[in-house]
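In: Okay, predicted coordinates and the sequence, questions at the end:
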Amino acid sequence: MRANVGDHLIVHGKVVGQRDRVGEIIEIRGENGAPPFVVRFADGHEQLVFPGPDAVVQPAGSG
């Protein structure tokens, strides 16, 4: 998984009815765009994230 600052990280809900969490990647701590990422979520919370298989990166400007 590779990302750039400004991309969005989408973490899919793990159970039926649980919403996806979407946040903006504000810092990349791995090499060459690799995790971990510092992500700012919609509620303003910032978190260091090591994305698992339930997460995808959506490039900035792609929708």
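Out: It's in.

In: residue contacts, the residue minimising distance to the centre of the chain?
Out: Residue closest to the average C-alpha location in the chain (C-alpha atoms, centre = their mean): L9, at 2.2 Å. Under the criterion of C-beta atoms under 8 Å, 6 or more residues apart in numbering, the contact list for L9 reads 3, 22-25, 37, 39, 49, 51, 55-58. (Glycine included, C-beta is placed from N, CA and C.)

In: Over to Q58: give its phi and psi.
Out: Torsion angles at Q58 (phi, psi; degrees, to the nearest 10) stand at phi -110, psi 120.

In: Pull up the gap between it and G30, please.
Out: Distance, Q58 to G30, using C-beta to C-beta, to the nearest Å: 18 Å.

In: same thing with V16?
Out: In terms of C-beta to C-beta, V16 sits 32 Å off from G30.

In: longest strand in the chain, by residue count?
Out: Longest strand in the chain, counting residues (DSSP state E): strand 21-28.

In: What lies in contact with it?
Out: Residues contacting strand 21-28 (C-beta under 8 Å, 6+ apart): 3-11, 13, 34-35, 37-42, 46-47, 49, 57.
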